[in-house]
Structures are given as C-alpha cells and as structure tokens.
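Participant: when you get a sec, could you give me coordinates for this:
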Amino acid sequence: MIASVSGIRGILNQDVSLVELARFSSNFAGLVGSKEVLMARDTRSTGPAIARAVASAVMSRGLNVVDYGVVSTPALFRESMVRRRPGIMITASHNEPEFNGLKFVVDGMGATGEMVEASLKEARPAQESFQGGVLTKRFRASYNDDLVKRFGERSCKGVKVALDLGGGSAIFHAVSILQRLGCEVLSINGSPGVFGRKVDPMSDELVALRGIVKSKECDVGFGFDCDGDRLSVVDSKGAKRSGDFMLTLALSKMLPESGEKKVVVSQDTSVAIDELVAKHGGEVFRSKVGEANVVEMMRERGANVGGEGSSGGLIDGTFNNCRDSMLAALLIVGGLKEEGLKFYSNVRSYCQERSTVRMPRGKALSAVRALARNSKGADTTDGVKIPLSKRSWVLVRPSNTEDVVRVSAEAETQSKAEKIVCEYSEKIRGLSK
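Facilitator: Prediction:
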C-alpha cells in the first residue's frame, strides 16, 4: 500500500483490505468536525464494494453520507468547495485498473499530510452512544453547470473535438459539457470501466485518438485518465503534445483573461511557463513535485493559478483546488474558437526526457546530497535542480515511494535532453558507490 498526501493506493485484498479502508475512512470522519461527508468514485470494478465499506464506516460514527456515484475527482473537489463539506474520493487516479484507493478532501482541498497520517493510525474511538448516519444518493453535482456558466452556452460553436474518455469518469461529463458549449464532439472508449488503453493518458501513445483527429479533421483531441484530473492533448495534425505544452497553452488563454500575476508550478515543469508568465508581467514560483505541494505553495504565495506539466494538470484556485482536466480542455477549446489553429503557435514547446536509476533509498539520498555539493547554482527545493543554460536544466530527486532516483531534463532538442539524462544518470550511479 502507498500512502501520501496524494491519497492511499493499492490492490484490493492484496495491498489493502476493505476493513483497512473502512478504518481509514472512519478515522477521517472523526477528524473533520462535520455532520456530513460527500463521497464519489471512479469507474474501477472494485469501486462499489469500497463505497459500501466507506459509507458504512462513516455512518457508524453518526455522520451522514451523500453519495454522488461515479463522478470525476475535480467534480467532487468542486462540490466540496461549494458546499463546504469534507469528501472521500474512491480512486487510484492514473494507476492501472487493478489498483484502487482513497483521496480525502476538506472544504475543496486535499487533506493535509498530518490529517492523512492521523487517518491511517489505529481506530479512533467513536462516541459511546449515537444515532447512525443516513445515506443519501445524489445524481448531479454542480460541476457541469458551473463550467458551462463560466464559459457560456454555445460559446465554442463550431470547434470540432475528439475525446478518448479512457473508460473513466470523464464519460459522465466531458461530452455533455462540450456539446452545451456548441462543439461538435466525437468520442471513443466511452464504456465505463472498460479500459482500452493505459489508464494514464500521459504514458499512452493515444494512437486511436490521434487517428480520429487526423482522419476526421478535428481541431483538437483530449485524453483523460480514470478519475478525470489528468489531460493529454492531441493537436490538429494528430500529434500528441506534452503535458507541459498543454499547461502552457491553457495558461496562455487564462492569464490575460484573469489578470493573475502569480503562478506556482512544480520543479519539473517547463521553462516555457516562465517565458509565458513573464510576457504577461507575472512571476513564477516553483514547489516540490506533486499536486499537494503545488497547492500548498499557492496558499503560501497567495496565488490562484498553478499546475504540473508532468501530470498534465492545471489548477485554478478560484474554481478548484486540484488538477482539473475539463477546465484546461475548455480553455484550450476557447482559444481555438477565438484564434483558430494559429492558437497552437502562441507558446513555445521544449523537449523533456525522464528516466529512473534504481538504488536503495539510503544510497539515493547520499548520492543526491553529494551531487548538490558538487553542483554550482543548484536548487535543493526538491532533490537537486541544476540550471544548464537559459532553456535547459536537469532535476535529480530520490523517490519517496520507490527505491529509485528520478532524473528529468529539459532542452531545446530531444537529443540534448536525452544526453543530459544519460550524463546525470551516470553521475548519480557513480556517486552512489
């Protein structure tokens, strides 16, 4: 079982049991100070069983449960923000279908590390006497209507969009929202719980989606993960673009409209973001890698905008305090409506390469510290980030969940990025001996 601020994940009855998931949920319910908990799940086959266990555990503490059934993670976060209620999302996000897990939400934000840690401890005693909670089914969240209201009915009429719904939660909102905005929509992989490709659209080639975009002359294609927070973009030529390009493109539409000047991104996000934000007179702050770290720094810096290129995630704190794939998709569709296909040329795109070096955690930590000491101008916010030129860098960081060191690099060409990753992978191996 993997447990972090990003949630709890594992294979049911192998890494984690229903009894444990119920206990974690009960503990969380005992911490939130609310009489009602919102609950939703993605489309994995283990979701219904986990939902019953979670609901029973929460109601055993006397709290009511509002069950939204299958919705996206951004939809539940939005509902938690609007209704100011804690929530439990049953999902393993972009992990493969055999995994499942829990993500705890408090007033529209991911639970803190301290709260997650407390939820994992031994069972917290309930009240000695209480009346059991009530389960209510709710079949509509405010998410769809809120997005349509923000962008406007029929505002993107004529934009032709292809979707790879990936068998996930986006099935229940993506097509309808885009149609209400006036888009012509084609979709594949629209059967809930039937996964015809890798769950994570960032790591899948999206061959079928690319083919549809090209053959049907679509303006854009979007690929979603199982719980609908990650987004991958296919351009009008049928080329899959990076998560960093997606984030930069969405922000190119959002920043001039919002007037926001502070943007928080993770250490491994493209320098193209810095160029875009500087163009609009803003400032970029960089957090540790991970959505929760980005959101935390957004709070610290008083920023409403953030994201992570590596996970295809945009965060608009005025609407949602999590990665929101649909919000990002609608910004891009809006840009295409206004500017046509030349919208794609609004931002620069650099090349990134990522790799891992396997080694025990103790050696990994020691090697990364040694690299920091030997590297001039190194940023040690998260591992070691070394600027190599104005438009190239390398980030070397030990994993928190595996016995590996992650090496990421960016450069103006793919061959340069690959060369940097190879060079620093060898350096870290040498420093571990």
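Participant: okay, and for the stretch 1-150 of the chain, where does confidence drop off?
Facilitator: Within the stretch 1-150 of the chain, the stretches falling below the threshold (pLDDT under 70) are 123-130.
Participant: where does the residue nearest to residue 380 when sequence neighbours are not counted land in three-state SS?
Facilitator: Computed as C-beta to C-beta, 6 or more residues apart in numbering, the closest residue to residue 380 that is not its neighbour in sequence is residue 372, at 5.3 Å. From N, CA and C alone the C-beta is placed, and that goes for glycine too. State at residue 372, reduced to three classes by DSSP: H, G, I helix; E, B strand; the rest coil: helix.
Participant: what is the burial count for residue 372?
Facilitator: By other C-beta atoms under 10 Å, the residues close to residue 372 number 16.
Participant: can you pull out the helices in this structure?
Facilitator: In chain order, the chain shows helices spanning 18-31, 47-59, 73-83, 113-119, 143-151, 174-180, 207-215, 243-258, 272-279, 291-301, 325-339, 361-373, 414-431, with DSSP state H as the criterion.
Participant: most tightly surrounded among those helices?
Facilitator: Mean neighbour count, computed with mean count of other C-beta atoms under 10 Å, is highest for helix 73-83 among the helices of the chain, reaching a mean of 25.
Participant: that one versus helix 325-339: what angle between them?
Facilitator: 100 degrees (axes from the mean of the first three to the mean of the last three C-alpha atoms, to 10 degrees).
Participant: what does helix 73-83 contact?
Facilitator: Among residues not part of helix 73-83, those counted as contacts by C-beta atoms under 8 Å, 6 or more residues apart in numbering are 38, 40, 42, 68, 71, 85-87, 89, 91, 93, 103, 105-109, 141-144, 146, 169, 173, 227-229, 319-327.
Participant: between the helices of the chain, which gets nearest to residue 97?
Facilitator: Comparing the helices of the chain by their distance to residue 97 (C-beta to C-beta), the top pick is helix 47-59, with 10.6 Å.
Participant: mind checking which of the contacts of helix 73-83 land in strands?
Facilitator: Restricting those to those inside strands, with DSSP state E as the criterion, leaves 38, 40, 68, 87, 89, 103, 105, 106, 109.
Participant: which single one of these is nearest to residue 200?
Facilitator: Closest to residue 200 out of these is residue 103 (16.0 Å), distances taken as C-beta to C-beta.
Participant: bridged to the closest one, which residues?
Facilitator: Using DSSP bridges, the beta-bridge partners of residue 103 come out as residue 89.
Participant: sorry, back to before: okay, the ones in strands among the contacts of helix 73-83 in JSON lines with neighbour count next?
Facilitator: Converted to JSON lines, these look like this (neighbours: other C-beta atoms under 10 Å):
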{"residue": "38", "neighbour count": "24"}
{"residue": "40", "neighbour count": "30"}
{"residue": "68", "neighbour count": "21"}
{"residue": "87", "neighbour count": "28"}
{"residue": "89", "neighbour count": "30"}
{"residue": "103", "neighbour count": "26"}
{"residue": "105", "neighbour count": "28"}
{"residue": "106", "neighbour count": "19"}
{"residue": "109", "neighbour count": "19"}
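Participant: quick check: the two most widely separated of the residues you listed?
Facilitator: Put simply, by C-beta to C-beta the two of the ones in strands among the contacts of helix 73-83 set farthest apart are 68 and 109, 17.9 Å from each other.
Participant: so what are the domain limits for this protein?
Facilitator: Structural domains annotated on the chain: 2-137, 143-240, 243-346, 351-431, as defined by automatic domain parsing.
Participant: first vs last residue of the last one, how far apart are they?
Facilitator: Going back to what we said before, that points to domain 351-431. Domain 351-431 has an end-to-end distance of 27 Å (C-alpha to C-alpha, to the nearest Å).
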